[in-house]
Structures are given as C-alpha cells and as structure tokens.
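>>> Any chance you can model this:
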Amino acid sequence: MKIELSFDAASEVTVCTLLDSLGYIKKEQEWFEANEEQRDQLEDKWGHGMYVHPDDYEINKALIQAITTVLHYYGATDE
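Modelled structure (predicted):
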C-alpha cells in the first residue's frame, strides 16, 4: 500500500513530530538538571519520573540545537 501526501501535509507532519520530540528531550534535560526536590515536583506535574543517562544528556544538547534549526527552516518555533 502506498500513501501519498502533499508537500504541505508532509511538512506539517514533520513539524509536529519534531515539536513532540523536542518537547520530550527538553523534559529529559529538565529532569537531569533538577535536584531531588525539583524532581519530586516534576514527577507530580508530569505523573511520572524519568531516567536520563549522562551520555543522553550530552547528546540531547546537540539534538535540541539541530531540531530547532530544522524547525526554523520550516518556519516553526519551539515555543
């Protein structure tokens, strides 16, 4: 089965997916940087805790910049 999308539809799917991924990565960064009290508050706010490996924390820094660059290409922002 083949599905064809218009360029505009494909762009919108791309932007939505990138925004979703960026939001999750930023949550990981926030969790990693938080102290225990802040993590308790985040867990209450989000309904779950997280585990972020230190290597992922470093990789996420580069991913945030890269995804933000691509979003700007599409005219979207990460706000």
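
>>> switch to C-alpha atoms for all contacts and neighbour counts from now on
OK.

>>> Please identify which helix or strand holds the residue nearest the centre of the chain.
Geometric centre of the chain, nearest residue: residue 22, 1.7 Å, by CA atoms, centre = their mean. Here residue 22, judged by DSSP states H and E, is contained in helix 7-33.

>>> helices or strands up against that helix?
helix 54-73 (3 or more CA pairs under 8 Å, 6 or more residues apart in numbering; DSSP states H and E).

>>> I'd like the average pLDDT over the helix it packs on.
Helix 54-73 comes out with an average pLDDT of 95.

>>> outside of that helix, which residues touch it?
Outside of helix 54-73, the residues within contact range by CA atoms under 8 Å, 6 or more residues apart in numbering are 15, 18, 19, 22, 25, 26, 28, 29, 32, 77, 78.

>>> which pair in these spans the largest distance?
15 and 32 (25.6 Å; CA to CA).

>>> And those two? Which one has more around it.
More neighbours surround residue 15 than the other of residue 15 and residue 32, with 22 against 17 (other CA atoms under 10 Å).

>>> what residues are up against the more buried one?
Residues near residue 15 by CA under 8 Å, 6+ apart: 71, 74, 76.

>>> how does it look with 7 Å?
Residue 15 makes contact with residue 71, according to CA atoms under 7 Å, 6 or more residues apart in numbering.

>>> Next one: it relative to residue 74, how far apart?
For residue 15, the distance to residue 74 (CA to CA, to the nearest Å) stands at 7 Å.

>>> ditto for residue 63
For residue 63, the distance to residue 74 - CA to CA - is 17 Å.

>>> These two - which one has more neighbours?
Shown here are residue 63 and residue 74; by other CA under 10 Å, residue 63 has more neighbours (17 against 13).

>>> among the contacts of helix 54-73, which ones are buried?
With neighbours counted by 16 or more other CA atoms under 10 Å, the contacts of helix 54-73 contain buried members at 15, 18, 19, 22, 25, 26, 28, 29, 32.

>>> Mind putting these into CSV with distance to residue 59 and pLDDT?
Shown next, in CSV, are the buried ones among the contacts of helix 54-73 (distance: CA to CA, whole Å; pLDDT from 0 to 100):
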residue, distance to residue 59, pLDDT
15, 21, 95
18, 16, 96
19, 17, 96
22, 13, 96
25, 10, 97
26, 12, 96
28, 11, 95
29, 10, 96
32, 13, 96
